[in-house]
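Q: Need coordinates for the below:
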Amino acid sequence: MSRSISPVLAAFGATLLAAAALASTHYSSGPLPSKTGAPAVGAHPQEPTCTECPLTFDGEGQPIPNLNVASGHLSVLDLPAYYVPGRTYTLRVELGCDSSAVAIVPRWGFQLTAVDAATGATAGTFSVRDPDSMQVVHLGAGPWSDRWYVEQNVLGAHDGELGPVTWSFDWTAPASPAGSVTFYAAGNAANGSEEPSGDWIFTTSATVLDTTTAVRRSSWGAVKSGRR
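A: Okay, the predicted model is just below:
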């Protein structure tokens, strides 16, 4: 049975995801909203990325890049070629990382939002079929207060699974044509060490139009660098 959007914010810490892992021990119940790294659009500033606290270190204790490494991926699956206003689509997010094979206890997390590409406001609505493992959240205040996010909670962290792992949820398109809708997502392949080190962060985006124009997919790193 589908559950409609509700502002489920209980049990979240006060620290931003920019200072905590999406699926770390402390945030397996789900990250605070607005941590997908979505770019500045309209009156909405860029959302934080999630690489400041989940750091990975080399053998000499120096931090090494842990964002969108080649050994992993984050994908938004089952997007329609174009959306029909008011129609509900079942989508999936898939996250995988080869480094999880040596993790203490692999844990996984994600957060996704859908925004009007012109204004940056939320486009459509989310609902979840399994409220025990998934939730829909929003901040309620601040520059992203009109955005809603879907993410895992503590039972949706796929503890111990080597991956790739997937999460499924429903997105209902805007009731009226709203032009391009862009989905932004961030994910964390955490190693279960109870420390930030060893976590791997991935981001992605995908745009759907309200016409017969096909979906355009790209990594968020490519979007930020100006590549398509």
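Q: Need the residue in this structure that's farthest from the chain's center.
A: In the chain, counting by Cα atoms, centre = their mean, residue 60 sits farthest out from the average C-alpha position, at 31.3 Å.
Q: all helices of this structure, in order?
A: Under the criterion DSSP state H, helices of the chain are mapped to 220-225.
Q: for it, which residue is closest to the average position?
A: Using Cα atoms, centre = their mean, the most central residue of the chain is residue 111, at 2.6 Å.
Q: Tell me the spacing between that one and residue 98.
A: For residue 111, the distance to residue 98 equals 22 Å [Cβ to Cβ, to the nearest Å]. Any C-beta I mention is one placed from the backbone N, CA and C, and that applies to glycine too.
Q: ok, now residue 210?
A: 37 Å.
Q: again with residue 151
A: Remark: distance between residue 151 and residue 98 (Cβ to Cβ) = 23 Å.
Q: Please apply the same query to residue 170.
A: 30 Å.
Q: So these two - more neighbours on which side?
A: Legend: neighbour count by other Cβ atoms under 10 Å for residue 170 and residue 98, higher for residue 170 (19 against 15).
Q: what's the closest non-adjacent residue to that one?
A: residue 127 (4.7 Å; Cβ to Cβ, 6 or more residues apart in numbering).
Q: if I pick residue 166, what's in contact with it?
A: Going by Cβ atoms under 8 Å, 6 or more residues apart in numbering, residue 166 touches 77, 92-95.
Q: Try it again at 7 Å.
A: 92-94 (Cβ atoms under 7 Å, 6 or more residues apart in numbering).
Q: Same question for residue 167.
A: Contacts of residue 167 (Cβ under 7 Å, 6+ apart): 92-93, 110, 134, 152, 156.
Q: tell me the contacts of the closest residue to residue 139 other than its chain neighbours?
A: Distance criterion Cβ to Cβ, 6+ apart; nearest residue to residue 139, sequence neighbours excluded, is residue 33 at 4.8 Å. By Cβ under 7 Å, 6+ apart, residue 33 lies in contact with 137-139, 144, 149.
Q: Tell me the spacing between residue 33 and residue 192.
A: From residue 33 to residue 192 the distance is 24 Å (Cβ to Cβ).
Q: The residue nearest to the centre of the chain bridge partners, please.
A: As for beta bridges, residue 111 partners with residue 151, residue 186 under DSSP bridges.
Q: Could you report the distance from the residue lying closest to residue 45 once chain neighbours are set aside to residue 106?
A: Counting by Cβ to Cβ, 6+ apart, residue 143 is the residue found nearest to residue 45 once chain neighbours are left out, at 5.4 Å. According to Cβ to Cβ, residue 143 and residue 106 sit 34 Å apart.
Q: ok now do residue 159, which residues does it touch?
A: 105, 107.
Q: per-residue pLDDT, it?
A: At residue 159, the model reports a pLDDT of 89.
Q: Number the chain from 13, please
A: Okay, using 13 as the starting number, the last item reads as residue 171.
Q: So, low pLDDT: which residues of the protein?
A: 13-43, 61-71, 73-76, 206-209, 224-240 (pLDDT under 70).
Q: quick one, strands of this structure?
A: Under the criterion DSSP state E, the chain contains strands at 68-69, 75-76, 84-89, 100-109, 119-128, 137-139, 146-149, 161-164, 177-184, 193-202, 212-220, 228-231.
Q: would JSON lines of the ones you listed with distance to residue 54 be doable?
A: Output for the strands of the chain, formatted as JSON lines (distance: least, Cβ to Cβ, whole Å):
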{"stretch": "strand 68-69", "distance to residue 54": "34"}
{"stretch": "strand 75-76", "distance to residue 54": "34"}
{"stretch": "strand 84-89", "distance to residue 54": "22"}
{"stretch": "strand 100-109", "distance to residue 54": "24"}
{"stretch": "strand 119-128", "distance to residue 54": "8"}
{"stretch": "strand 137-139", "distance to residue 54": "19"}
{"stretch": "strand 146-149", "distance to residue 54": "21"}
{"stretch": "strand 161-164", "distance to residue 54": "18"}
{"stretch": "strand 177-184", "distance to residue 54": "21"}
{"stretch": "strand 193-202", "distance to residue 54": "12"}
{"stretch": "strand 212-220", "distance to residue 54": "16"}
{"stretch": "strand 228-231", "distance to residue 54": "20"}
